[in-house]
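>>> I'd like to go over a predicted model; first the sequence, then the structure.
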Amino acid sequence: MPKYIPEPFKIKVVEPLTMTTREEREQYLKEANYNLFALKSDYVYIDMLSDSGSGAMSDSQWAGMMRGDESYAGARGYYRLVDAVRDIFGYRYVQPVHQGRAAEKILYPCFLKEGQFSVANMHFDTTRGHVALCNATPKDIVVPEARDTENYAPFKGNMNIPALRAFIEEVGPEKVGVIVMTITNNTAGGQPVSMENIRETSKVAKEYGIPMVIDAARFAENAYFIKMREPGYADKSIIEITREAFSYADAFTMSAKKDAIVNIGGLIGVKEDEELFTKVQGLTVPYEGFITYGGLAGRDLEALAIGLYEGIELDYLRYRIGQVEYLGDVLREAGIPIQYPVGGHAIFIDAKKLLPHIPYYQFPGQALAIELYREAGIRGCDIGSYMLDPDPVTGEQPEAELEFTRLCLPRRVYTQAHLDVVAEALINIKKRAHEIKGYEIVWQPKVLRHFTAKLRPIE
Ligand code: F0G
């Protein structure tokens, strides 16, 4: 029987959920044009759309919110946050911003010139976008195991080091403006990166004189995987592992809406380069506001400084990753194909395997996400062909390498019973999988269509 790691907290405040009937959900789906982003969250029973900004803050964080100093300049929370970042990451300079993509908007133009490349294990979508906005090209060089959903590998998020070297040699080091390490590797399914791989990537970066940046959205989950899986780290604390990992990079961007367990917030960290940090501060003022608040309220700074420490507590991380592993184990026992091993923040169901009769151009990942909502009011999302915009010239629908339905776990929000509801719904769906139909798009915008497209079932 899969093991559930009990919560290292008890519940003090509750938020009621709406229970809907199947008929109501059918109606809501129609009204939303079968786009789950268009559903009112009030109609969702278990919301697994994202683990970003959807976590539950602790009583200490809420107390911090009350203590928040709303002074325009020099607020207390700012100094507290700077101390926390120096302590946890060992970086001298820190700039708060309102979320992860704001950090990218400020930091990437400091590194990238027109015509250069940004090379990463895998860029997250928004990072990719900000690289493109610098008129530079994002290049992903992940290990081949990342694309193998069935076989165990401890660090499927790793950079492919020989391929990284080969790429730099091919285009020339002056063409690579920055090397990015995304931990955990969200695009590969929240898969971790090993310390050895971070160290080796850093060696290559130094050898060629290229700056290295960590995308730190899920840094604590990554550190936990290193502790559990990498030889030599079992006896190290999460903070020690974090300090070592960040010592190999020059700067980081962070969406604090994930591992720092706040509903809004982000960070830029600069290890020691004063000139770089001066540039960062210079861009922060017009984009995000004065440097001591960076797009956040004083109360948000307090909650973030506290959340950074809560997010690296070992008991919390054991429970957190334990939840994802529990759901993964229950699903695997029931023969539901998922990406294995599970990553840190989500379950990725292999919709192509579960719904083999639905071709990629009828969007199996989206069809399964819709069916889960219909079955039990659970909201996930497609990470597959539906997410890929058609070719701008030919209008042709590209085929994704993998057709996933992603189910994210918000932090400290759902219980074991909720996860059992998710498993039961998927088991029911599997029984009648052959009856599930594909979808076609009836309207779509030019770019990022999955957020707003309108669909209809294929009869
Ligand atoms: N980097 C990574 C690895 C992310 O996963 C995200 C956001 C960002 C940067 C951007 O941060 O949203 O605060 O601006 N990921 C969310 C998700 C949206 O659902 O995976 P942001």
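Nice, thanks for sending it over. Numbering: from 1, shown residues only.
>>> can you pull the contacts of E7?
The contact partners of E7, by CB atoms under 8 Å, 6 or more residues apart in numbering, come to Y319, R412, T415. Heads up, the C-betas are built off the backbone N, CA and C, glycines and all.
>>> So it: helix, strand or coil?
coil (DSSP: H, G, I helix; E, B strand; the rest coil).
>>> Show the backbone phi and psi for it.
The phi/psi pair for E7 (degrees, to the nearest 10) reads phi -60, psi 130.
>>> Can you read off the pLDDT for D391?
At D391, the model reports a pLDDT of 88.
>>> contacting residues for it?
Applying CB under 8 Å, 6+ apart to D391 gives the contacts Q397, P398.
>>> how close does S54 get to V413?
The spacing between S54 and V413, counted by CB to CB, to the nearest Å, is 7 Å.
>>> cool, and S41?
S41 is 13 Å from V413, by CB to CB.
>>> export the contacts of E7 to a markdown table and tack on pLDDT and distance to M212?
Converted to a markdown table, the contacts of E7 look like this (pLDDT from 0 to 100; distance: CB to CB, whole Å):
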| residue | pLDDT | distance to M212 |
| --- | --- | --- |
| Y319 | 98 | 32 |
| R412 | 98 | 32 |
| T415 | 98 | 40 |
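>>> which of these are buried?
Buried members of the contacts of E7, counted by 16 or more other CB atoms under 10 Å: Y319, R412.
>>> Inside strands: which ones of the contacts of E7?
Counting by DSSP state E, those place none of their members in strands.
>>> export the contacts of E7 to a markdown table and tack on distance to D273?
Converted to a markdown table, those look like this (distance: CB to CB, whole Å):
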| residue | distance to D273 |
| --- | --- |
| Y319 | 37 |
| R412 | 36 |
| T415 | 45 |
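>>> hang on, the earlier thing: more neighbours: which of S41 and V413?
V413 (16 against 11; other CB atoms under 10 Å).
>>> who's in contact with the more buried one?
Under the criterion of CB under 8 Å, 6+ apart, the neighbours of V413 are S54, G55, A56.
>>> For the residue of the stretch 201-350 of the chain found nearest the ligand, give the beta-bridge partners.
Nearest to the ligand in the stretch 201-350 of the chain, going by CB to the nearest ligand atom, is S255, at a distance of 3.1 Å. On the basis of DSSP bridges, S255 is bridged to G266.
>>> pLDDT score for the residue most central in space within the chain?
Residue closest to the mean C-alpha point of the chain, counted by CA atoms, centre = their mean, is N186 at 4.7 Å. Looking at N186, its pLDDT is 92.
>>> shouldn't it be in contact with F124?
Yes. Counting by CB atoms under 8 Å, N186 touches F124, with 5.4 Å between them.
>>> what touches both of the two?
A217.
>>> now the helices: where do they sit in the stretch 201-350 of the chain?
219-229, 238-247, 274-288, 298-310, 314-333 (DSSP state H, counting those that start in this stretch).
>>> contact partners of the fourth one?
Residues outside helix 298-310 that contact it (CB under 8 Å, 6+ apart) are 57-58, 60-62, 64-71, 75-78, 80-81, 83-85, 88, 96, 256, 260-262, 264-265, 267, 293, 296, 316.
>>> Just the CA atoms of that helix, as CSV, please.
What follows is helix 298-310, C-alpha atoms only, in CSV (Å, rounded to 0.1, in the frame of the first residue of the first chain):
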residue,chain,number,x,y,z
GLY,A,298,5.6,45.6,2.7
ARG,A,299,3.5,42.7,4.1
ASP,A,300,4.5,40.6,1.1
LEU,A,301,8.2,41.1,1.9
GLU,A,302,7.6,39.8,5.4
ALA,A,303,5.7,36.8,4.3
LEU,A,304,8.4,36.0,1.8
ALA,A,305,11.2,36.3,4.3
ILE,A,306,9.4,33.8,6.5
GLY,A,307,8.3,31.5,3.7
LEU,A,308,11.9,31.1,2.5
TYR,A,309,12.7,29.4,5.8
GLU,A,310,9.5,27.3,6.0
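>>> now the angle between helix 219-229 and that helix, please.
Here the directions of helix 298-310 and helix 219-229 differ by 0 degrees (axes from the mean of the first three to the mean of the last three CA atoms, to 10 degrees).
>>> Helix 298-310 and the ligand, any residue contact?
No. Helix 298-310 is not in contact with the ligand by CB under 6 Å from any ligand atom; minimum separation 12.1 Å.
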